[in-house]
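Participant: What shape does this take:
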Amino acid sequence: MNRLSLMVLALTMSSPTLLAGVVENYNFKENHTGYTLYFKQINDNEARLMQLNIDNNDTEIVIPSVVKDTYGYEFKVTAIGQLYDEKYNDKNIDFNDANLYPSIFGDVSDCPNYIKSLTIPESVKTIWPSAFSGSLKNGYGLGCKSLTIPSNVTEIGAGAFKYAKFEQVAIPDAVKNIYKETFDHCVNLKSINLGNGVEKIWDDAFRDIANNAEIHIDAVTPPQISKYAFSSNGYKAKVFVPYGTSEDYRSKWSVFSNLEFVEMEPGQTSGVTVGKAPAELHVECNHRNLYATAASVIRIYSISGTLVHSGSGVVNVSLPAGVYLVKSGTDVMKILVQ
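Facilitator: I've put the predicted structure just below:
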């Protein structure tokens, strides 16, 4: 082996950096400790996060809500995703076809493993197909343990979080479709909150999630469901549905023998005893105003089990006098408003 070969070998073995390919056709970029973000201008006011390059293990990714060009003009970040050829425009995105779009991790397929936490800003409206997808063959997937999807998101594309390793996720009320393979092979996913806007769940959307997972659905009318939406290699799940709707869900989702339907009764949600305040959920009540904070979606139910309000992360709402159940994930509190 010659000297040049030895030098190349030494550099390759000693470098801790995860090198990605050359990024082309981007308009702005931001350098952060441990990662670099590349953006594509959508129009005069908006931009899209098109690629994320990661340099270090256990990286905490914060996607900004606004980016600036070299002249100081601001662009709101409203989309996350990449085209195979960024020379083309990003109109008419097919959100139900993961094969048409690559992940935002570029040429380094193990990048998502190194993400310790991921913050997506409220400015984001669409997450494109395959955006945060990993690889089953190599065991790569988005490494953070939980994920909060902003309340303004209306579209989450097919395969967007395929092979992710998070344990819980909440889908905003504005999302109508859970497309093909969106959470496929998220084998650690054990807590799912679906907003009241979901109308259809497509094939393999929740294929092979964690065994004994809990799925919470606020929709009074059962969403239309594809034959293989909850296809499984043996996992079972409990589906918590609004008060008085369990028979309707059992009838319309009868194809899935691995699902057990449980109505959300007053005083009990997700099998958690109401009473002691959990550490993850904080609630204050001042006269008729209720203020709550949590790491995931917060839902407020009347004592009869009717959903009266929901929000992501922080809720500040005025309520009529009465007793309410405040829920976030598997945490529940009973609150008297007077």
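Participant: Show me how the protein divides into domains.
Facilitator: Segmentation of the chain into domains, based on automatic domain parsing, reads 16-268, 269-337.
Participant: State the three-state secondary structure for Leu49.
Facilitator: Following DSSP: H, G, I helix; E, B strand; the rest coil, we place Leu49 in the strand state.
Participant: Neighbours of Tyr324, how many?
Facilitator: The tally of other residues near Tyr324 (other Cβ atoms under 10 Å) stands at 21. From N, CA and C alone the C-beta is placed, and that goes for glycine too.
Participant: Redo the domains of the chain as JSON lines? Include mean pLDDT.
Facilitator: Output for the domains of the chain, formatted as JSON lines (pLDDT from 0 to 100):
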{"stretch": "domain 16-268", "mean pLDDT": "85"}
{"stretch": "domain 269-337", "mean pLDDT": "72"}
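Participant: Now do the helices in the stretch 1-150 of the chain.
Facilitator: Secondary structure of the stretch 1-150 of the chain (DSSP state H, counting those that start in this stretch): helices located at 3-14.
Participant: pretty sure Lys334 contacts Gly322?
Facilitator: No: using Cβ atoms under 8 Å, Lys334 is not in contact with Gly322, being 11.2 Å away.
Participant: ok, now how distant is the nearest residue to Asn212 once chain neighbours are set aside from Glu181?
Facilitator: Once flanking residues are discounted, Asn212 sits nearest to Lys236: 6.1 Å by Cβ to Cβ, 6 or more residues apart in numbering. Here Lys236 is placed at a distance of 20 Å from Glu181 (Cβ to Cβ, to the nearest Å).
Participant: Ala158 too?
Facilitator: 6 Å.
Participant: what about those two, which has more around it?
Facilitator: A side-by-side neighbour count of Ala158 and Glu181, using other Cβ under 10 Å, places Ala158 first with 28 against 25.
Participant: for that one, what are its contacts?
Facilitator: Residues counted as contacts of Ala158 (Cβ atoms under 8 Å, 6 or more residues apart in numbering) are Phe95, Asn96, Asp97, Ala98, Pro129, Ser130, Tyr179, Lys180, Glu181, Thr182, Trp202.
Participant: go with 7 Å
Facilitator: Residues counted as contacts of Ala158 (Cβ atoms under 7 Å, 6 or more residues apart in numbering) are Phe95, Asn96, Asp97, Ala98, Pro129, Tyr179, Lys180, Glu181, Thr182.
Participant: shared neighbours, Ala158 and Glu181?
Facilitator: Listed as contacting both Ala158 and Glu181 by Cβ under 7 Å, 6+ apart are Ala98.
Participant: Show me what stretch 294-311 is in contact with.
Facilitator: Stretch 294-311 has contacts (Cβ under 7 Å, 6+ apart) with 146, 148, 151, 168, 170, 173, 193, 196, 218, 242-243, 264-266, 280-281, 290, 292, 312-313, 315, 317, 322-329.
Participant: And that stretch, how far out from the chain middle?
Facilitator: 19 Å (Cα atoms, centre = their mean, to the nearest Å).
Participant: Asn43 - how many residues pack around it?
Facilitator: Every residue meeting other Cβ under 10 Å relative to Asn43 is counted, giving 8.
Participant: distance of it from Leu52?
Facilitator: In terms of Cβ to Cβ, Asn43 sits 22 Å off from Leu52.
Participant: What of Pro223?
Facilitator: Relative to Leu52, and taking Cβ to Cβ, Pro223 is found at 31 Å.
Participant: what's the answer for Ser257, then?
Facilitator: 40 Å.
Participant: Between the two, which is the more surrounded one?
Facilitator: When neighbours are counted by other Cβ under 10 Å, Ser257 and Leu52 differ, and Leu52 comes out ahead with 26 against 9.
Participant: Return the set of residues that bridge with that one.
Facilitator: Leu37 (DSSP bridges).
Participant: wait, doesn't Arg48 sit right on Ala79?
Facilitator: Yes: counting by Cβ atoms under 7 Å, Arg48 touches Ala79, with 4.0 Å between them.
Participant: which residues do those two both contact?
Facilitator: Common neighbours of Arg48 and Ala79 (Cβ under 7 Å, 6+ apart) are Ile42.
Participant: Straight-line length of stretch 202-214, end to end?
Facilitator: With Cα to Cα, to the nearest Å as the measure, the ends of stretch 202-214 fall 19 Å from one another.
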